[in-house]
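> need coordinates for the following:
(4 chains)
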Number of protein chains: 4
Amino acid sequence: MNSEIELIRSELDTVCPRITEEAVAGCCRELGAAARVFVAGAGRSGFMASAFAMRLVHLGYAVHVVGEATAPAFAEGDVLVGVSGSGNTSGTVRAAGEARRARGRVVAVTTDVDSELAAAADAVLLVPAATKNRAAGEAATAQPLSSLFDQAVHLALDAVCLRLAAEAGIDNAAARGAHVKTE
Amino acid sequence: MNSEIELIRSELDTVCPRITEEAVAGCCRELGAAARVFVAGAGRSGFMASAFAMRLVHLGYAVHVVGEATAPAFAEGDVLVGVSGSGNTSGTVRAAGEARRARGRVVAVTTDVDSELAAAADAVLLVPAATKNRAAGEAATAQPLSSLFDQAVHLALDAVCLRLAAEAGIDNAAARGAHVKTE
Amino acid sequence: MNSEIELIRSELDTVCPRITEEAVAGCCRELGAAARVFVAGAGRSGFMASAFAMRLVHLGYAVHVVGEATAPAFAEGDVLVGVSGSGNTSGTVRAAGEARRARGRVVAVTTDVDSELAAAADAVLLVPAATKNRAAGEAATAQPLSSLFDQAVHLALDAVCLRLAAEAGIDNAAARGAHVKTE
Amino acid sequence: MNSEIELIRSELDTVCPRITEEAVAGCCRELGAAARVFVAGAGRSGFMASAFAMRLVHLGYAVHVVGEATAPAFAEGDVLVGVSGSGNTSGTVRAAGEARRARGRVVAVTTDVDSELAAAADAVLLVPAATKNRAAGEAATAQPLSSLFDQAVHLALDAVCLRLAAEAGIDNAAARGAHVKTE
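The predicted structure follows:
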């Protein structure tokens, strides 16, 4: 095995076991009750949010990425999943505020339960990894910026997808039917 | 720990150890010699490619995502990193052909060394995970579609970043200086 | 007035009068009967397609941009609007083929009624402007590449929106209600 | 001619003549002196900004779209072109602030010389069209939301491109050489 991958996986060993059953279940409950799902995130958090959104489409959800051309305004019954390591990214926090004003619900995916994003959220999927700020108490990492957070978020949101797929009885063949043809 | 994350991590245990030192080193060598780096990928592979591109910017590379508004035409000396589980995604294969016609070089990130993308590549970063096609010989997975591939690609490309950062002596503070301000 | 804008508007004088009432009406008929609208385009044609998609959302349509994270697979009853000056852009032509295979319908927005895209279409919104190929018979232009086509497409697709809004009785206040809050 | 296009063009007659020679020239001067050009805009203003960015690439400029994966942090010598009808769109205003803090320069493309964006700008390309706010003094329009602004911005920014191409002696063949191959 490549040694850098080994190191990354050992860093994930310090984070993943601290993502609780209840946090994943809480996120799934919010999504299960959603009329539509919106996701928001800046930078690499945004790419993790978009990858999550795409898989939710394959599982049959009506999904929008905040900032995409085709995203409508929030409405009551919608759920926003906001991804931000620090929990203070301005565009993501602003989206959470908009969702709440429209009587939607908010799931925060963040390292910080005391952040603005978490404060605006109905449920928090706590991912206790390092952010680019290297705040006190964050997990140690040799990787630059928020890479460890991005990786742990990727696994956590795919865990949500795996549970939702199992609950709905969607196997690979069913998901392929909803997948855009790219080949 | 949430049980779905545990399952995902056990699936990664079957893939990550098979990503070789030489495959990661070969990708780093190509990038180290690149005038500019281009990345290409469709769907979730595209989001992994974009997240990789963004981190390379933080490490000081000149980077473009194929299809972005600001991506110029390929030129000699450029390196394209194409990400495709099957290695046959049409847009990604076409980008590899364009890169080669312009006398650029190509790194294929794929599960299949016999694919069109790998055939067009100067170096292959083999990530032996499952694709949505569930072809014979692919790693077993309970996850829908290419999720296992996406996760392993994420870790493999971040391993490349970690090695490039170490080689160039770029620590977190230096990477933060190149990071767009989002807060 | 700035002299370059004057020149651009005089070039539009040679194109816009040749966009027929029937072509705009035909596009509106297809959209009016659509379950969902998809748009596709590469490069600047893609940005015109995305701007059109966004306005259709404000008019109450369910809309997707081909290639966006949240676009599902085509299904029967969907309408694809493909924008390509030459009518031969590979990704756009491929999307039209996918739409047809799913028993969707296709509107081609192009300069060339004999192109692959037009051949795959149920309706053609002919925009007889210059493309970057400067093929025989194209409108004369002093502007680089497909700029004249992009401008004429922008006006033609906004004409479609204006007609759809009027037909549905949607005024500015109603459209604002559907608009994402950005301020 | 289609009657809606005719109406749109008559609305442009009330806006385009009021875009001054000096405003276009001032924008060109800023771009001519730029190390790199950044563009920013939300919604349809963002698509106009991206289309402009893409054409600038064809004219040989180093260009980034704020929010794109590959956009680096602002630096001294960079010029940001911010597009906002109201001039108060939060993300665009924030980008202008970031550009100034980095000692870059800012060009505002807006309807409102008294807006936050214009206040932060070194040069203003005033496009006196209607915004979605229908503020007092705005041009009259039958079109929904900011469509008239978007159209006028499109022509104004293409006027900038036409002038820059002429000044640099870049004809269609030269621009094609810098164009990504899409067919």
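
> distance from the helix or strand harbouring residue A:98 to the middle of the chain?
Using DSSP states H and E, residue A:98 falls within helix A:90-101. Here the centre of helix A:90-101 is set off from its chain's centre by 15 Å, with C-alpha atoms, centre = their mean, to the nearest Å.

> show me which residues of that helix are buried.
A:90-100 (16 or more other C-beta atoms under 10 Å in any protein chain shown). (Each C-beta comes from the backbone N, C-alpha and C, glycine too.)

> just the CA coordinates for it, please, in CSV.
Presented in CSV, the C-alpha positions along helix A:90-101 are these (Å, rounded to 0.1, in the frame of the first residue of the first chain):
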residue,chain,number,x,y,z
SER,A,90,-20.8,32.9,5.0
GLY,A,91,-22.6,31.6,2.0
THR,A,92,-23.5,28.3,3.8
VAL,A,93,-24.7,30.1,6.9
ARG,A,94,-26.7,32.5,4.8
ALA,A,95,-28.4,29.6,3.0
ALA,A,96,-29.3,28.1,6.3
GLY,A,97,-30.9,31.4,7.3
GLU,A,98,-32.9,31.5,4.1
ALA,A,99,-34.1,27.9,4.6
ARG,A,100,-35.3,28.7,8.1
ARG,A,101,-37.1,31.9,7.0
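
> beyond that helix, next helix or strand please.
strand A:105-110.

> helix A:90-101 and that following strand, what's the angle between them?
150 degrees (axes from the mean of the first three to the mean of the last three C-alpha atoms, to 10 degrees).

> so does strand A:105-110 get close to chain B?
No: against chain B, strand A:105-110 shows no contacts by C-beta under 8 Å from any C-beta of the partner chain, the least distance being 12.8 Å.

> was I right to think residue A:67 contacts residue A:41?
No: contact criterion C-beta atoms under 8 Å: residue A:67 and residue A:41 do not qualify, at 9.7 Å.

> who's more crowded, the two?
residue A:41 (29 against 21; other C-beta atoms under 10 Å in any protein chain shown).

> and that one, what is it in contact with?
Residues in contact with residue A:41 (C-beta atoms under 8 Å, 6 or more residues apart in numbering or on different chains) are A:47-50, A:82-84, A:89, A:92.

> is it in a bridge, and if so with what?
residue A:83 (DSSP bridges).

> do you know how far it is from residue A:50?
Residue A:41 is 8 Å from residue A:50, where distance means C-beta to C-beta, to the nearest Å.

> check residue A:116 too.
22 Å.

> quick one, strands of chain A?
A:37-41, A:63-65, A:79-83, A:105-110, A:123-126 (DSSP state E).

> got the residues of chain A near chain D?
A:42, A:47, A:67, A:69, A:90-91, A:94.

> for chain D, what is the nearest residue in chain A?
residue A:91 (6.3 Å; C-beta to the nearest C-beta).

> chain center to the longest helix seen in chain A, what's the gap?
In chain A, with assignment by DSSP state H, the single longest helix is helix A:147-168. Distance, stretch centre to chain centre, for helix A:147-168: 8 Å (C-alpha atoms, centre = their mean).

> before we move on, what about stretch A:88-103?
15 Å.

> and that stretch with chain C, contact?
Yes: Stretch A:88-103 lies within reach of chain C by C-beta under 8 Å from any C-beta, at residue A:98.

> and that stretch, what's its mean pLDDT?
Mean pLDDT, stretch A:88-103: 96.

> who touches it?
Contacts of stretch A:88-103 (C-beta under 8 Å, 6+ apart): A:38, A:40-42, A:45, A:66-67, A:73-80, A:82-84, A:87, A:105-106, A:108, A:112, A:115-117, A:120-121, B:182-183, C:181, D:90-91, D:94.

> who touches the helix or strand bottoming out on mean pLDDT in chain A?
Ranking every helix and strand in chain A by mean pLDDT, DSSP states H and E puts helix A:172-177 at the bottom, with a mean of 86. With contact meaning C-beta under 8 Å, 6+ apart, helix A:172-177 is reached by A:58-59, A:165, B:132, B:134, B:144-145, C:73.

> would TSV of the residues you listed with neighbour count be doable?
Listed next are the contacts of helix A:172-177 as TSV, based on neighbours: other C-beta atoms under 10 Å in any protein chain shown:
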residue	neighbour count
A:58	27
A:59	21
A:165	24
B:132	23
B:134	13
B:144	26
B:145	27
C:73	15
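
> among these, which one has the lowest pLDDT?
residue B:132 (80).

> contact partners for the residue lying closest to it once chain neighbours are set aside?
The shortest distance from residue B:132 to any residue other than its chain neighbours is 4.1 Å, reached at residue B:145 (C-beta to C-beta, 6 or more residues apart in numbering or on different chains). Going by C-beta under 8 Å, 6+ apart, residue B:145 touches A:55, A:58, A:172, A:175-176, A:179, B:132.

> how about residue A:38?
A:63-66, A:71, A:74, A:78-81, A:95, A:99, A:104.

> could you rerun that using 10 Å?
Contacts for residue A:38 (C-beta atoms under 10 Å, 6 or more residues apart in numbering or on different chains) come out as A:49, A:53, A:62-66, A:68, A:71-72, A:74, A:78-82, A:95, A:98-99, A:104, A:106, C:70.

> check what pLDDT it gets.
So residue A:38 comes in at 98 (pLDDT).

> how about low-confidence regions in chain A?
A:182-183 (pLDDT under 70).

> so what's the residue count around residue A:114?
8.

> circling back to that earlier point, list the buried residues of the least confident helix or strand of chain A.
So, applying 16+ other C-beta under 10 Å, buried residues of helix A:172-177: A:172, A:175-176.

> just put the residues you listed in JSON lines and tack on distance to residue A:6.
Shown next, in JSON lines, are these (distance: C-beta to C-beta, whole Å):
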{"residue": "A:172", "distance to residue A:6": "29"}
{"residue": "A:175", "distance to residue A:6": "31"}
{"residue": "A:176", "distance to residue A:6": "33"}
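
> residue A:5: which of those is nearest?
residue A:172 (25.5 Å; C-beta to C-beta).

> neighbours around residue A:3, how many?
Neighbours of residue A:3 (other C-beta under 10 Å): 12.

> ok now do the closest residue in space to it that isn't next to it in sequence, which residues does it touch?
Sequence neighbours aside, residue B:21 is the residue nearest to residue A:3 in space, at 6.9 Å (criterion: C-beta to C-beta, 6+ apart). Residue B:21 makes contact with A:1-5, according to C-beta under 10 Å, 6+ apart.

> and the residues you listed, which two are furthest apart?
For the contacts of residue B:21, and using C-beta to C-beta, no pair is farther apart than A:1 and A:4, which are 9.5 Å apart.

> overlap in contacts of those two?
Joint contacts of residue A:1 and residue A:4 (C-beta under 10 Å, 6+ apart) are B:19, B:21, B:24, B:159.

> now do the contacts for the closest residue to the last one other than its chain neighbours.
If I follow you right, that is residue B:159. Distances taken as C-beta to C-beta, 6+ apart place residue A:4 nearest to residue B:159, at 3.6 Å, with adjacent residues excluded. Counting by C-beta under 10 Å, 6+ apart, residue A:4 makes contact with A:142-143, B:19, B:21, B:24-25, B:28, B:155-156, B:158-166.

> so for stretch A:99-113, what gets flagged as buried?
A:99-100, A:104-112.

> nearest to residue D:125, of the residues you listed?
residue A:99 (34.1 Å).

> quick check: the closest one vs chain C, distance?
10 Å (C-beta to the nearest C-beta, to the nearest Å).

> residue A:85 now?
20 Å.

> count residues in the vicinity of residue A:10, would you?
10.

> any idea how far it lies from residue C:151?
Residue A:10 is 56 Å from residue C:151, by C-beta to C-beta.

> many thanks, I have nothing further to ask.
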